[in-house]
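Asks: output the structure for:
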Amino acid sequence: MATTKWTIDPSHSEIGFKVKHLMITNVKGVFNEFKGNVETLSMDFATALVNFVMNPGSINTGSADRDAHLKSPDFFDVEKFNEISFKSDGLKKGNEETFVMTGDLTIKGVSRKVTLNVEFNGLMKDPWGNEKAGFSLNGKINRKDWGLNWNAALETGGVLVGEEVSIVAEVQLLKVIE
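Replies: Just a heads-up that it's a prediction; the model follows:
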């Protein structure tokens, strides 16, 4: 069976997250610089192998002060660690449109297994004849598992930043023509 190669189309994809702030609301953010490739056997996404990297220095939460703090040694330490990566080790098919993907997420030099829910949104040719595939991904991680420990206690109890981070992504793949 032939291998099909895909690349992430960054202009039609978004890699984001949500985390509790003050224990009462979610703060959202995105990473603006990322790239990735996917290999499948033929066109079967159940066989996909995913390699993905993003620049933590490209974080954007809509607040320059918060972004600067997230880039500091308290969190991503972008001067020392300029890449966050994910490498899948397999997908399990749920039904025709859903998968569970496992793989290694590396942040600040620490690799941990994570599980992401993947929804296949379909295949389509764009107006220029390029083959595209769409996916929605989500999952949850504990930021402390990667040494992202900074926090502040609140006067009324609780903490400023939640430990659980929701990963949310919309990804459009472009079939590579060789």
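Asks: I'd say residue 101 and residue 50 touch.
Replies: Yes - the pair residue 101 and residue 50 passes the contact test of C-beta atoms under 8 Å, sitting 7.0 Å apart. (C-beta placed from N, C-alpha, C; glycine too.)
Asks: quick check: neighbours shared by those two?
Replies: Taking C-beta atoms under 8 Å, 6 or more residues apart in numbering as the criterion, residue 101 and residue 50 both touch residue 88.
Asks: what about those two, which has more around it?
Replies: residue 50 (24 against 21; other C-beta atoms under 10 Å).
Asks: what helix or strand is that one located in?
Replies: When secondary structure is defined using DSSP states H and E, the element that contains residue 50 is strand 44-54.
Asks: CA atoms of that strand as PDB?
Replies: Written as PDB, here are the backbone C-alpha positions of strand 44-54 (Å, rounded to 0.1, in the frame of the first residue of the first chain):
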ATOM      1  CA  ASP A  44      -6.700   5.700   5.700                       C
ATOM      2  CA  PHE A  45      -6.300   8.200   8.600                       C
ATOM      3  CA  ALA A  46      -6.600   5.300  11.100                       C
ATOM      4  CA  THR A  47      -3.000   4.600  10.000                       C
ATOM      5  CA  ALA A  48      -1.800   8.200  10.500                       C
ATOM      6  CA  LEU A  49       1.600   9.000  12.000                       C
ATOM      7  CA  VAL A  50       1.700  12.600  13.100                       C
ATOM      8  CA  ASN A  51       4.800  14.800  13.700                       C
ATOM      9  CA  PHE A  52       4.000  18.300  15.000                       C
ATOM     10  CA  VAL A  53       6.100  21.200  16.300                       C
ATOM     11  CA  MET A  54       5.100  24.700  17.500                       C
END
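Asks: cool, thanks, talk later.
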